[in-house]
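> quick one, what's the 3D model for this:
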Amino acid sequence: MVKLMTWMNQFKKIVLLCVFIYFSLMMIVLGNGSSFLGRYLGPYFTPVANIVGLNTTWNFFSPDPAHTMYLRYTVYFQDDYGNPVQEAIQEFYPSEEENANLSTHVRRQNYMMRFFTASYERMQKYFVPWVCRKYPGATHVHTEVILTRIPSLEVASTLSLLNYEDLLKQEEINQNAFSCL
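Numbering: from 1, shown residues only. Below is the predicted model of the structure:
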């Protein structure tokens, strides 16, 4: 009888430990539900999480990395008849050299670039006048966003034999023309 009681106590401890580990893993996996791990292990935890109210809709981390964006602008210098007065200048905002730097001022420029490119009116009201003042004599500014799409985790894992650079897709979007006059 004593051996049976000892065995029952050990069995209870093991069961409670297993339940504790299961619920701990459930909170970690479902708390990050749209992540790679959450999508694959979620079916093992979701039914129980729904019953006990631990299925959350928020995430600890972003499921995929953000796409790389650059704003390329070309400044044109023309006379009254549309003839070029000087060579057009093409630059990036923020500049390509700075974009590899993760310091605070470069990140602020990246956020500001995303803020500008989200709205035609903001580009026209804030960015273009700044460029026109930066280059006296400029008559037109053409802008375009260069977006480098990073592959999702599923694509990168299934095509792991390919070179990573081959999975990147570059697009030119939001092409606009503005006048400095």
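
> so, low pLDDT: which residues of the chain?
Within the chain, the stretches falling below the threshold (pLDDT under 70) are 55-66, 96-102.

> do a quick rundown of the strands in it.
Under the criterion DSSP state E, strands of the chain are mapped to 68-78, 84-93, 140-149, 169-179.

> what's the closest of these to residue 12?
The closest approach between residue 12 and any of those, judged by C-beta to C-beta, belongs to strand 140-149 at 52.9 Å. From N, CA and C alone the C-beta is placed, and that goes for glycine too.

> that closest one vs strand 84-93, what angle?
30 degrees (axes from the mean of the first three to the mean of the last three C-alpha atoms, to 10 degrees).

> in its sheet, what does strand 140-149 sit against?
According to DSSP bridges, strand 140-149 forms sheet pairs with strand 68-78 (antiparallel), strand 169-179 (antiparallel).

> the last one: which residues count as buried?
To tie it back to what came earlier, the one meant is strand 169-179. Applying a neighbour-count criterion of 16 or more other C-beta atoms under 10 Å, the buried positions in strand 169-179 are residue 178.

> what comes into contact with that strand?
In this structure, residues lying in contact with strand 169-179 by C-beta atoms under 8 Å, 6 or more residues apart in numbering are 117, 120, 123-124, 128, 139-149.

> burial count for the closest residue to residue 139 other than its chain neighbours?
Computed as C-beta to C-beta, 6 or more residues apart in numbering, the closest residue to residue 139 that is not its neighbour in sequence is residue 78, at 4.7 Å. When neighbours are defined as other C-beta atoms under 10 Å, residue 78 has 15 of them.

> thought residue 87 was touching residue 78, still the case?
No. With the criterion set as C-beta atoms under 8 Å, residue 78 and residue 87 do not qualify as a contacting pair; they are 11.6 Å apart.

> of the strands paired with strand 140-149, which approaches residue 16 most closely?
Comparing these by their distance to residue 16 (C-beta to C-beta), the top pick is strand 68-78, with 48.3 Å.

> ok, and what's touching the closest one?
84-93, 96, 99, 110, 113-114, 116-117, 131, 135, 137-148, 150.

> what about 7 Å?
The set of residues external to strand 68-78 that reach it, using C-beta atoms under 7 Å, 6 or more residues apart in numbering, is 84-86, 88-93, 99, 113-114, 117, 131, 135, 137-148.
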